[in-house]
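Undergrad: next one to model:
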Amino acid sequence: MLIKTLTVGQLQTNCYIVTDENSLECAIIDPGAESGRILNYIEENNLKARFIFLTHGHFDHTMAVSEVHRVTGAKVFIHQKDASSGNSAEHKFQTDKNAAHYKEGDIIVMGSLEFAVMETPGHSEGSVTLKCENVLFTGDTLFKDSCGRTDLGGNTETLLASLKRLYFLQGDYEVYPGHADETTLDRERRFNIYMKYAVEG
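TA: Numbering: from 1, shown residues only. The predicted structure follows:
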């Protein structure tokens, strides 16, 4: 598995391009802006974009979805609670017939890679964490030393429950968050005060 991080847009969102090095199939996680950079990387490395995975529906994680889908034909996945088919739903991604909904327990296979969907709401109603091999793509649920805000359609108690769930995953994982630097789950268990509060109360 090869992971390329492209930090895009005014809010410096991490877009991840995850490639199965055997098949050169790739998944794009949270294409938040700068579709040209994303598409150039895919083209320059002769990748076959199969999926667009959204950890949640906020605009800074979704603005380049339409263009990347149009060019690549990659199938778009989002949790139903963060999807909207109308124009009035604030802080949700405006989906169309090209988008599919994933949920807790779904496993999406791409070449030799499997992406398992974990529902981790709180930052938004439909926030998910994607688990692939020893990696967690946590969106805006868990950051290095921090966690996501809850004033944009979220809920603090729900977020704390999601942080507690991640804390009690067995083993260590590399953590690729929606913003800022990578970290590890063990490090966050030791130093992240929000995660510690979620567990200890």
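
Undergrad: switch to C-alpha atoms for all contacts and neighbour counts from now on
TA: Fine.

Undergrad: so what's Thr183 closest to, chain neighbours aside?
TA: On the basis of C-alpha to C-alpha, 6 or more residues apart in numbering, the spatially nearest residue to Thr183 that is not a chain neighbour turns out to be Val175, at 5.1 Å.

Undergrad: repeat that for Ala64.
TA: Among residues not flanking Ala64 along the chain, Ala33 sits closest, at 4.7 Å (C-alpha to C-alpha, 6+ apart).

Undergrad: report the contact partners of that neighbour.
TA: Under the criterion of C-alpha atoms under 8 Å, 6 or more residues apart in numbering, the contact list for Ala33 reads 8-9, 60-64.

Undergrad: any regions of this structure where pLDDT drops low?
TA: Judged against pLDDT under 70, the low-scoring parts of the chain cover residues 87-88.

Undergrad: related to what we said a few turns ago, can I get the buried part of the contacts of Ala33 as one PyMOL selection?
TA: The following PyMOL selection, which keeps only the buried ones among those, applies the criterion 16 or more other C-alpha atoms under 10 Å:
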select buried, resi 8+9+60+61+62+63+64
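
Undergrad: quick one: contacts for the residue nearest the centre of the chain?
TA: In the chain, the C-alpha nearest the mean C-alpha coordinate belongs to Thr55, at 3.1 Å (C-alpha atoms, centre = their mean). With contacts defined as C-alpha under 8 Å, 6+ apart, the neighbours of Thr55 are 29-30, 61, 78-79, 127-130, 137-140.

Undergrad: so can I have a markdown table of the residues you listed showing distance to Glu157?
TA: Formatted as a markdown table, the entries for those read as follows, by distance: C-alpha to C-alpha, whole Å:
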| residue | distance to Glu157 |
| --- | --- |
| Ile29 | 26 |
| Asp30 | 25 |
| His61 | 23 |
| Ile78 | 22 |
| His79 | 20 |
| Ser127 | 14 |
| Val128 | 16 |
| Thr129 | 17 |
| Leu130 | 21 |
| Phe137 | 21 |
| Thr138 | 17 |
| Gly139 | 18 |
| Asp140 | 15 |
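
Undergrad: Arg165: which of the contacts of Ala33 is nearest?
TA: When the contacts of Ala33 are compared for distance to Arg165 (C-alpha to C-alpha), His61 comes out closest, at 23.1 Å.

Undergrad: for the protein, what spans make up the helices?
TA: For the chain, applying DSSP state H gives helices covering 35-44, 65-72, 156-167, 185-191, 193-200.

Undergrad: just those helices: most buried one?
TA: Comparing these by mean neighbour count (mean count of other C-alpha atoms under 10 Å), helix 156-167 comes out on top with a mean of 20.

Undergrad: tell me the gap between that one and the middle of its chain.
TA: Using C-alpha atoms, centre = their mean, to the nearest Å, the distance from the centre of helix 156-167 to the centre of the chain it belongs to is 16 Å.

Undergrad: ok, the residue nearest to Ala64 to Gly154 distance?
TA: Distance of Ala33 to Gly154, computed by C-alpha to C-alpha, to the nearest Å: 22 Å.
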